[in-house]
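**Q** below: sequence and its predicted model.
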Amino acid sequence: MKIVGLTGGIGSGKTTVAKMFQELGVPLYIADDRAKVLMNTSKIIRRKLIHLFGEKAYKDNELNRPYLASKIFENADLLKQMNAIVHPKVGADFLRWKEKQTSVYVLKEAAIIFENNMASQYDFIITVVANLDQRIARVINRDNTTEVKVLAIVNNQLSDDEKVKQSDFVIINHDLEQTKAQVLKIHQQLLEIIDKK
């Protein structure tokens, strides 16, 4: 079974694209969603995050996301340390999930495949790109945030050009119908490539 990574900058539409693959019958693992679950349910992660951020890391027994976001917003080192706590657990969780799947390939949506030097863990990587104005508008809409905050995240991520250079496939996500057509084409190409191996 092949592992296909799906990545892209914030607001590029990764999840929308991922769900299009899922509609084609491809099992989908969304790393960010699982990370949120694990940050609330794993005692080890909880203990380490409290050690890193203090008691305010959790509020009413739930992860205090606004507090953590404010801490890592302009502190790349803290973000790195948090990722070092959470990502190995997400990786192990993904492998357990993958064992239960029976398809030719599975799709793992993860925002920072290249930033975390994890490209070698995938057989193929698809990057979703969109123009910056569109991305900013999507995130402001989705997260009720500001342009300044979105740009801070964008600047912490690898540029689209860098991601595209390292990817096997690229999806330009400007128009939903065109995006769907690109997804279908890549899905068929993947099935053909995997079938030949």
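**A** Looks like it arrived, so ask away.
**Q** center of this protein - which residue?
**A** Residue closest to the average C-alpha location in the chain (C-alpha atoms, centre = their mean): A110, at 2.3 Å.
**Q** how about the contacts made by that residue?
**A** 5-7, 31-32, 118 (C-beta atoms under 8 Å, 6 or more residues apart in numbering). For every residue, glycine as well, the C-beta is placed using N, CA and C.
**Q** and with 10 Å instead?
**A** Neighbouring residues of A110 by C-beta atoms under 10 Å, 6 or more residues apart in numbering: 5-8, 14, 29-32, 34-35, 87, 90-91, 94, 116, 118, 121-122, 125.
**Q** got the confidence number for it?
**A** Looking at A110, its pLDDT is 93.
**Q** where's K108, which helix or strand?
**A** Using DSSP states H and E, K108 maps to strand 105-109.
**Q** again with A137
**A** helix 132-143.
**Q** now E192
**A** helix 176-196.
**Q** now for P66, how many residues are close by?
**A** 9 (other C-beta atoms under 10 Å).
**Q** which SS class is it?
**A** Judged by DSSP: H, G, I helix; E, B strand; the rest coil, the three-state class of P66 is helix.
**Q** wait, it sits on K59?
**A** Yes. At 9.1 Å, P66 and K59 qualify as touching, with contact defined as C-beta atoms under 10 Å.
**Q** buried residues in the host helix or strand of A35, which are they?
**A** Using DSSP H and E, A35 sits within helix 31-41. For helix 31-41, a neighbour-count test (16 or more other C-beta atoms under 10 Å) marks 31, 34-35, 38-39 as buried.
**Q** check the average confidence over it, would you?
**A** So the average pLDDT for helix 31-41 ends up being 94.
**Q** got it, and stretch 88-96?
**A** Rounded mean pLDDT across stretch 88-96 is 94.
**Q** residues in contact with it: which ones?
**A** 3, 29, 31-35, 37-39, 42, 44-45, 48, 83, 106, 108, 110, 116, 118, 121.
**Q** go with 6 Å
**A** 29, 31, 34-35, 38, 42, 45 (C-beta atoms under 6 Å, 6 or more residues apart in numbering).
**Q** report the buried residues of the longest helix belonging to the chain.
**A** Determined from DSSP state H, the single longest helix within the chain is helix 76-99. Neighbour counts over helix 76-99 (16+ other C-beta under 10 Å) mark 79, 81-83, 85-87, 89-90, 93-94 as buried.
**Q** tell me how far the residue lying closest to F53 once chain neighbours are set aside lies from L79.
**A** Distances taken as C-beta to C-beta, 6 or more residues apart in numbering put K71 closest to F53, at 5.8 Å, once the chain neighbours are dropped. From K71 over to L79 the distance is 9 Å, taken as C-beta to C-beta, to the nearest Å.
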